[in-house]
Structures are given as C-alpha cells and as structure tokens.
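Build me a model:
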Amino acid sequence: MGILKMATAEDFKTFLSNIRVDNSVTFSSRYGEVTAALNKSFRNTESKTANSLQVGSYGRWTAIKGISDLDMIYVMPAGLYESYKKSGSYSLLRDTKNAISARYPKTIVRVDRLVVRVLYVNFHIEVMPAFKLSDGSYHYPDTLGDGSWKVTKPHPEMDEMKAANDRKNGNLRNLCKMARAWKNKHGIVMGGLLVDTLAYRFLEATEDYDKRSYNYYDEMCRDFFVFLGDQPKQSEYGALGSNQRVRVKKRFERQAKKAARLCNLAIDAAGQKNERQKWRDIFGNSYPSPNLVAESKTVSATITPAFRQTEEFIEDMFPVDIRHHIGVDCNIKQKGFRPKLLRDLLKSSGFLFPKKELGFYISDASDLPHGTMIYWKVLNRGPEAEARDQVRGEIIADKGHQEKTERTSFRGEHVVECYGVLNGVVIARDGILVPITKEDVEEDTYA
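Next up is the predicted model:
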C-alpha cells in the first residue's frame, strides 16, 4: 500500500471520528427521562429502559454529530389496545403527551401527526406510542383525516443493518455516516432511512469493498456517488430489511454526479497541497483541514497573512441536520438593461462581469416550518479578494425581508449561502456560486 494511500486512509479515519455523535450521554439521559414518565403513567413503574426502543438512524448506529431528530417507540401495555382502538388514534397521542408533561412540566411537549415531540435545546425526541404485534411489528396511530392505525417494522431494519455491516467489513455504517455529512454540507433533503437504504443497496450490489477498509474509502465514496447519480427517477424505495416504503422527497442525482466528479479530482490530487480541500468540498469542514498539514520549520511563525481570516462556518454556530428544502436565486440588475436571473445567465455564459447589482432572495420557502430563522453568508475567494482584504464570509441574520443585495466588483469566485435555522439547528441550506470575470473594475468591494 502506497504512502499517499495510507495518508488518505488516516484522513478518512479522522473524518469519521470528527462526525461521530458527541452527546450520546445527553441523549441516553433524555431517552431515560421520557421512558420513565411513560412507564410511571401507563405501568406505575420507574424504569428508564423498559418498554422503549431507540429507532431511526440513532437506533441503526448511522447517526452523526448534529443529529437533532431522535426517534423512539414506546411499547404500550397490550391490555390497552382495544380501548385505544375505540377511543381513536389521537387519544393515544394525547395521553402520551400528558404523561410526559405531567412529569416534566417545563419541557415543551407537542402532539404531531404520528408522534409526540419532546423539544430540548438543539434536538428533540419523537415518541411513537405503539402496540407490539405477534410478528414483532408495531401498530401506531396516524391522526391524519379521521385517524387510522399503521404498521412499522424497525427490528428487521436494525437487524439487517447490523448483519450487512458485518458482511461488509464495517463499511456500511461508515458509508451511511459519510453520506450524511455530504447531504448536510450541500443541503440535500434525504431522510435517514433513505440514505441507509441506498448505501445498503450499493454495497450489496458489489463485492469490491467486502474485505477493504479505510485505504479504499476514497474509491468507495466515488463509486457510491456514481451509483446514486445513476439511480432511476422513482418516488420511493423499499427499506433495507423491512421493505417498507421510503419516500424520495427531493431529487439527488444531480448533486451525486457532481460529488462523483469531485471525488475523482480529490483522488487525482492525492499527496498534493489541495487534496484535503477537495475532500472538504464534498464532505464539509469535518474532513481534516489543509491547515493541519505540517508547515516547514523555515517559515517564521511571526509572518502575518496579507488578509484577515474572517470566514465563519455555520457548523461552528449550530448543529446541522438537513431535513427541509430552501431555494435561493438572484436577480441581476444593471442600468439600461432588463433584469435577469443569475442561474440563467451562468447557463449561457458561465460567468458574470463586474458593475452589476445582485439581489439574492429566497425563491422557495414552501418546505420550511413556521418559525425558521434565515441567515446569510457572502464569501469572496481568489487573489483579488485576499489582496483587497475582502474575503468576508461572516454569517449574518436576515433582517426580515428574506433577501440580500450585493454588487459585483472584482474578479474571482464569490459564494452566497443561505441557511434556515429552527430551534437552534440548521435544517435547510442553499447557495449560489458567482464567478466574476475581469473587466474594468470599480473600487467598491463586493457588497
């Protein structure tokens, strides 16, 4: 195994260490509190573990740092089944909410369509009260319309995840985690079970990585994104293990094809100064930073850069757990010309000239929950931005208009990103690259 390959393998190990769940003790404590409240109400016991099941990505061991949506099934006493069937699905959710609120009156607890949401700082637990059936599946309430009861099968999904992970040398869960980092970096709306199901299908379709590990994670990631990019357009998949239907909320093939191309560039850059940055362009800042590469001892530590490092990162401010879509677009204005959309202009010419006014705005907020707060980031890249000390990159709260006005001024790549934050968690993000080519340049800066 070559030295370059081994170095990349160590970076992937560090990357996976950086994205591991870092507050599992807190999660376990909160799971225990909710379980105890429900056991006290429905069984008159104080157990913090009995009759509850941790499900979802946390239960499948594929969650990563920043997870905000924890899933739990509370197994109801079988003797209450007929009573709740008669009183209706909402009554079970209502009684579950009341049981938690009675024990923890200062905690926000709400009934949702299928679950009871227990809201904590930076995360929440979705409690699904359910009755266990003889085949190991669970009957749970759905309050949509007149109310009904549905079936879920978490055990086959968790069991198959463990079995497949063992068959694939531990690579399945790691691939699921890396895929989550990718989707969070690029604002791709994919549910956790869909991510796990697609990663499972990819590895089950090949034997290439059955006995390989970190030394081949660069190629495994590339091949996985190729697999995603080649998926047929379909509205749902059968989940691993259970074959339950998993909905596709937004298309992901285009972003996956781009990720595959970026993987090839990163692989080709092995051992070069920009290798790590290319992987960070795919997976975000949890991948090791180029700044961690040892610098020559001949370089004086007293030398200061020509520009200020003002860029901020949303991951340093809030947990990131993308679950909703937000769309950003831009109107280009110039005196004497008709306004034009930036995306349309870039499709035709590939770049933008200076001396233009740019009006960035949220073009699609239909998927954002009520109460979502908006933040903006404007970043300038390239030698001119650094020479002018105009890298920028600060993250600023929206002023209430869901828009931001800028002005093109100097050549280089300029990036505008928008984030939707709810309950202290980034739930949506989008951005636009603004490539500006050289022309007669005014002295005013980009914004």
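
where are the low-confidence patches of the stretch 151-300 of the chain?
The model of the stretch 151-300 of the chain has pLDDT under 70 over residues 291-300.

switch the cut-off to 90
Applying pLDDT under 90 to the stretch 151-300 of the chain picks out residues 290-300.

all helices of it, in order?
Remark: helices assigned in the stretch 151-300 of the chain by DSSP state H, counting those that start in this stretch are 154-167, 171-186, 192-204, 217-229, 253-268, 275-283.

Point out the one among the ones you listed that comes closest to Y375.
helix 171-186 (15.4 Å; Cβ to Cβ). The C-beta positions use only the backbone N, C-alpha and C, and glycine is treated the same way.

Alpha carbons only: can I get that closest one in CSV?
What follows is helix 171-186, C-alpha atoms only, in CSV (Å, rounded to 0.1, in the frame of the first residue of the first chain):
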residue,chain,number,x,y,z
ASN,A,171,-18.1,-0.3,5.8
LEU,A,172,-21.8,0.1,5.6
ARG,A,173,-22.4,2.2,8.7
ASN,A,174,-19.3,4.3,7.9
LEU,A,175,-20.6,5.0,4.3
CYS,A,176,-24.0,5.9,5.8
LYS,A,177,-22.3,8.4,8.1
MET,A,178,-20.2,9.9,5.3
ALA,A,179,-23.3,10.2,3.1
ARG,A,180,-25.0,12.2,5.9
ALA,A,181,-22.0,14.6,6.1
TRP,A,182,-22.3,15.1,2.3
LYS,A,183,-26.0,15.8,2.3
ASN,A,184,-25.7,18.2,5.3
LYS,A,185,-22.9,20.1,3.5
HIS,A,186,-24.8,20.6,0.3
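
tilt between it and helix 253-268?
Going by axes from the mean of the first three to the mean of the last three Cα atoms, to 10 degrees, helix 171-186 is angled at 110 degrees with respect to helix 253-268.

Who are the packing partners of helix 171-186?
Under the contact definition 3 or more Cβ pairs under 8 Å, 6 or more residues apart in numbering; DSSP states H and E, helix 171-186 sits against helix 3-18, helix 56-60, helix 154-167, helix 192-204, helix 217-229, helix 253-268, helix 275-283.

out of the ones you listed, which comes closest to K185?
Here helix 275-283 is closest among those (Cβ to Cβ), at 6.1 Å.

on that earlier part again, quick one, which of the helices of the stretch 151-300 of the chain is nearest to I322?
With respect to I322, and counting by Cβ to Cβ, the nearest of these is helix 171-186 at 5.0 Å.

Pull out the buried positions in that closest one.
171-186 (16 or more other Cβ atoms under 10 Å).

list the contacts for E207?
Shown here is E207, which makes no contacts under the criterion Cβ atoms under 8 Å, 6 or more residues apart in numbering.

Can you report phi and psi for it?
For E207, the backbone dihedrals are phi -100, psi 10 (criterion: degrees, to the nearest 10).

From I314, how far out is it?
39 Å (Cβ to Cβ, to the nearest Å).

and if you look at P154?
For P154 relative to I314 (Cβ to Cβ), the value is 32 Å.

Ok, D218 next?
D218 is 26 Å from I314, where distance means Cβ to Cβ.

SS state for I73?
With DSSP: H, G, I helix; E, B strand; the rest coil as the basis, I73 sits in strand.

quick thing: my sequence starts at 53, can you match it?
All right, first residue 53 from here; so that's I125.

Find the residue closest to it in space, skipping its chain neighbours.
Nearest-residue entry for I125: L105, 4.4 Å, with adjacent residues in sequence omitted and distances by Cβ to Cβ, 6 or more residues apart in numbering.

That neighbour is in what secondary structure piece?
Element membership for L105, per DSSP states H and E: strand 104-107.

What helices and strands are in contact with that strand?
Strand 104-107 sits against helix 76-95, strand 121-127, helix 206-219, with contacts defined as 3+ Cβ pairs under 8 Å, 6+ apart.

ok, and what's touching it?
83, 86-87, 90, 111, 122-127, 206, 210.

of those, buried ones?
The buried subset of the contacts of strand 104-107 - by 16+ other Cβ under 10 Å - is 83, 86-87, 90, 111, 122-127, 206, 210.

Now the two most distant members of these.
Applying Cβ to Cβ across those, the maximum distance is between L90 and M210, 21.0 Å.

picking that back up, so the residue nearest to I125 versus R375, what's the distance?
Distance, L105 to R375, by Cβ to Cβ: 22 Å.

check contacts around the residue positioned nearest the centre of the chain.
The residue lying closest to the centre of the chain (Cα atoms, centre = their mean) is N236, at 2.8 Å. By Cβ under 8 Å, 6+ apart, N236 lies in contact with I116, G118, G336, V372, D373, I374, V478.

nearest spatial neighbour of the fifth one, skipping sequence neighbours?
In other words, D373. Nearest to D373 is S120, by Cβ to Cβ, 6+ apart, at 4.2 Å.

List the residues that contact that neighbour.
Listed by Cβ under 8 Å, 6+ apart, the contact set of S120 reads N174, F175, H176, P371, D373, N475, V477, I479.

And it, its phi and psi?
According to degrees, to the nearest 10, S120 has phi -120, psi -10.

Look up how far K408 lies from it.
38 Å.

In the stretch 353-499 of the chain, where is pLDDT below threshold?
353-363, 382-411, 430-445, 452-453, 455-467, 484-499.

redo that, cut-off 50
Within the stretch 353-499 of the chain, the ranges that satisfy pLDDT under 50 run 353-355, 491-499.

Tell me where it has helices.
Going by DSSP H, counting those that start in this stretch, the stretch 353-499 of the chain shows helices at 394-401, 435-439.

I'd say P193 and T148 touch.
No. In this structure P193 lies outside contact range of T148 using Cβ atoms under 8 Å: 9.3 Å.

Give the residues shared as contacts by these two.
Joint contacts of P193 and T148 (Cβ under 8 Å, 6+ apart) are P181.

Could you pull up the residues touching the closest residue to R481 other than its chain neighbours?
In this structure, R481 finds its nearest non-sequential neighbour in G239, 3.8 Å apart by Cβ to Cβ, 6+ apart. The contact partners of G239, by Cβ under 8 Å, 6+ apart, come to I374, H377, I378, A480, R481, D482, G483.

And for T159, the neighbour number?
15 (other Cβ atoms under 10 Å).

The closest residue to it other than its chain neighbours: what's it in contact with?
Leaving aside its sequence neighbours, T159 sits nearest to V170 (Cβ to Cβ, 6+ apart; 6.2 Å). Counting by Cβ under 8 Å, 6+ apart, V170 makes contact with R82, V86, I152, T159, I160, V161, H176, I177, E178, V179.
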